[in-house]
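Enquirer: What follows is a predicted structure for the sequence shown.
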Amino acid sequence: MTLKQVKSQFGILIMTMFENEKTYGRFAENNSIDEFHKKFDDSVTRIQKDFGQNYPMIIGGKEIFSNDIFEVRSPADRNLILGRFPLATKEDTLHAIETARDSFFKWALVPYETRVRIFREVADIFSQNKFDLAAILSFENGKNRLEAMGDLDESIDFMRFYAEQLEINQGFSKQTKSATSNENTKSVLKPYGVWGIISPFNFPSAIAIGMTSGALITGNTVVLKPSSDAPISAFKFVESIYHKLPPAAINFVTGSGSIVGKTILSSDIIEGIAFTGSKQVGMSGYSTVTSHRPRPFISEMGGKNPAIVSASSDIEKATDGVMRAAFGYSGQKCSACSRVYVHKSIAPKFLDMLVAKTRALKVGKPWEKDSYIGPVINADAVQKFQNASNIAKKDGKILCGGDLVPDASCKDGNFVMPTIVAGLPKDHELIREELFLPFLCVEEFDNFDEAISLANKSNYGLTAGVFSQDRTEIEKFFEKIEAGVTYANRAASATTGAMVGAQPFVGWKDSGISGKGAGGAYYLLQFLREQTQTRCE
Ligand SMILES: NC(=O)c1ccc[n+]([C@@H]2O[C@H](COP(=O)([O-])OP(=O)(O)OC[C@H]3O[C@@H](n4cnc5c(N)ncnc54)[C@H](O)[C@@H]3O)[C@@H](O)[C@H]2O)c1
Ligand SMILES: N[C@@H](CCC=O)C(=O)O
């Protein structure tokens, strides 16, 4: 690790050691990709012995099992039961919230240096076990090997980055300039109390850990409710950290959104919420939580992310970038590219190349070495795909995909084909609404200004990309595009793949409420409130 100099938020020069975990990138740099795959294969074999076990909730520092359970099955093979989790009741959830409140001061008063040390220890544990954890995640939510490892890398990055943020800002406590000679004044950022954390299925490790770490490392206590489609990865985090904390500083409650999630959102004890998921659930939660008193509500929501491909673009790069952004993890990323605006002069060539590259993608069991595309998360997502494909057949032209995957090896999973649609009316529902599927709509444009206004013609504003070799166009894109995370000429992915510390992940417009990015320098501030302290001589 190399030391770098950075400025803290208080202007103090500090040495930093944070580096992204970048597991696959490091194996590739060392020409040892075969070793990466060998380690992943070994983990795939090793972890299967634990499939089917009963997992507990963790409340008040105790593991609590239940007879009332739900099953977690792999979306790639619905015959595989990965685990069974308690179906928590309203009373279980209220109990978790109350114990989290009771333990608040035990944790809030722990020195920030100790909190930093604990998070670094857990990050190291995760780093040592990342192949097993990534293999579990691949079975659990259907990410391919590299995407699953990326999820684990991001989890580790969040823990280390936030630990470093707390450290370089010295626990967010500083002396202020005294107004009079007999006053000694100080500004201290303090935690609020109990936070409810509600996480989605698609980054079951990174997003659950990122939000929970933000709340916990700043001294709040938490009740974490993971997605019922993918609770194992979040459990692995809670299992690694809870015995290092005062009992009930972290509580893990599994079950339905309509019971556990709703109870958290309706509780008056909860002092703040960090939610990531759909706009529908996020906005209804926001109304509930802020209806009768002000409380912080960090909500990261959906996207309908555009890429603009200008006449001057490098088509090879543009097709790589769009294809990866649209079909990586089957389009189930809030950052996925789902709309492409391509200049009409290059549209035929761009589409031929994009369709050929998409057809060449290998669909299969995500934990297998050569699979690029795995399944979608559940039967509802398959149904949504079929509905969207039927509408596209009627109102536009399907250039590839549009069906379920016919291979016998995919018959037990939720496999749908990566789909590209052209010729839809520009304000069509498939162009407006988030599908969260491997489903890309392509539209043509005449001039660059028109492309930017089409790209901005969405209620969402999460990510956006441009491909152009004209500097004026690129600068115009950055000036005018209404999105929080923006990229130019990124062949690695037009709109996805933000790295902690480098690309704070933030949604504008209907994509987010707080305007501060996860993995950025302002993220932790959202979990803290300022107290000014004056001590008179
Ligand atoms: N902006 C971001 O950073 C970001 C990141 C990842 C995912 N997302 C978004 O998340 C969505 C996909 O994830 P999902 O399908 O898990 O989202 P979702 O909104 O269906 O569920 C998210 C969480 O909310 C819970 N929930 C559901 N109904 C609830 C209710 N009535 N009350 C309280 N909680 C409830 C779920 O159980 C889950 O834990 C997409 O819209 C995607 O764009 C956004
Ligand atoms: N931060 C991830 C997306 C998270 C949402 O799904 C990315 O940048 O692709």
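Expert: That came through, no problem. From a predicted model like this one, the values you see are computed outputs, not experimental measurements. Ligands and ions are numbered 1, 2, ... in the order given.

Enquirer: Helix, strand or coil: sort out the residue of the stretch 1-150 of the chain found nearest ligand 2 for me.
Expert: Nearest residue of the stretch 1-150 of the chain to ligand 2 (Cβ to the nearest ligand atom) works out as Gly150 at 8.7 Å. (C-beta placed from N, C-alpha, C; glycine too.) Put simply, Gly150 is helix when judged by DSSP: H, G, I helix; E, B strand; the rest coil.

Enquirer: separation between it and ligand 1?
Expert: Gly150 is 13 Å from ligand 1, where distance means Cβ to the nearest ligand atom, to the nearest Å.

Enquirer: which ones are touching that residue?
Expert: Residues counted as contacts of Gly150 (Cβ atoms under 8 Å, 6 or more residues apart in numbering) are Tyr24, Lys143, Gly497.

Enquirer: Pretty sure the first one sits against Phe36.
Expert: Yes: judged on Cβ atoms under 8 Å, Tyr24 makes contact with Phe36 at a distance of 6.1 Å.

Enquirer: Would you mind listing what in the stretch 401-537 of the chain touches ligand 1?
Expert: Contacts of the stretch 401-537 of the chain with ligand 1, taken as Cβ under 6 Å from any ligand atom, map to Glu434, Phe436, Leu462, Phe505, Gly507, Ser511, Gly512.

Enquirer: got it, and the chain?
Expert: 198-203, 207, 225, 227-228, 257-258, 261-262, 265, 276-278, 281, 285, 300-303, 334, 434, 436, 462, 505, 507, 511-512.

Enquirer: So which of the residues you listed belong to helices?
Expert: Secondary structure from DSSP state H places Ile207, Lys262, Leu265, Val281, Gly285 of the residues of the chain next to ligand 1 in helices.

Enquirer: what does stretch 47-61 rub up against?
Expert: 63-66, 69, 80-86, 88, 92, 95-96, 99, 103, 132, 135-136, 139, 231-232, 235, 238-239, 242-243, 246-248, 250-254.

Enquirer: Alongside ligand 2, which residues does the stretch 301-450 of the chain contribute?
Expert: Counting by Cβ under 6 Å from any ligand atom, the residues of the stretch 301-450 of the chain near ligand 2 are Lys333, Cys334, Ser335.

Enquirer: Just the closest of those residues to ligand 1, please.
Expert: Relative to ligand 1, and with distances defined as Cβ to the nearest ligand atom, the nearest of these is Cys334, at 3.1 Å.

Enquirer: Roughly how far does the nearest residue to that closest one once chain neighbours are set aside sit from Ser511?
Expert: Excluding its sequence neighbours, the residue lying closest to Cys334 (Cβ to Cβ, 6 or more residues apart in numbering) is Gly303, at 4.7 Å. Noted for Gly303: a distance of 5 Å to Ser511, by Cβ to Cβ, to the nearest Å.

Enquirer: Quick check: neighbours shared by the two?
Expert: Jointly contacting Gly303 and Ser511 under the rule Cβ under 8 Å, 6+ apart are Cys334, Tyr460, Leu462.

Enquirer: Now tabulate the contacts of Gly150 in CSV and tack on pLDDT, secondary structure and distance to Leu525.
Expert: Listed next are those as CSV, based on pLDDT from 0 to 100; DSSP: H, G, I helix; E, B strand; the rest coil; distance: Cβ to Cβ, whole Å:
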residue, pLDDT, secondary structure, distance to Leu525
Tyr24, 98, helix, 32
Lys143, 98, coil, 31
Gly497, 98, coil, 25
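
Enquirer: among those residues, which ones are buried?
Expert: Buried subset of those (neighbour count, 16 or more other Cβ atoms under 10 Å): Tyr24, Lys143, Gly497.

Enquirer: residues touching the last one, list them.
Expert: Residues in contact with Gly497 (Cβ under 8 Å, 6+ apart) are Gly150, Gly328, Ser335.

Enquirer: helix/strand/coil for the second one?
Expert: Read it as Gly328. With three-state DSSP as the basis, Gly328 sits in helix.

Enquirer: Verify the stated contact: it with Asp151.
Expert: No: the criterion here is Cβ under 8 Å, and Gly328 misses it with Asp151 at 11.8 Å.

Enquirer: quick one: low-confidence ranges for the stretch 201-350 of the chain?
Expert: Across the stretch 201-350 of the chain, nothing is flagged by pLDDT under 70.

Enquirer: Okay then, goodbye and thanks.
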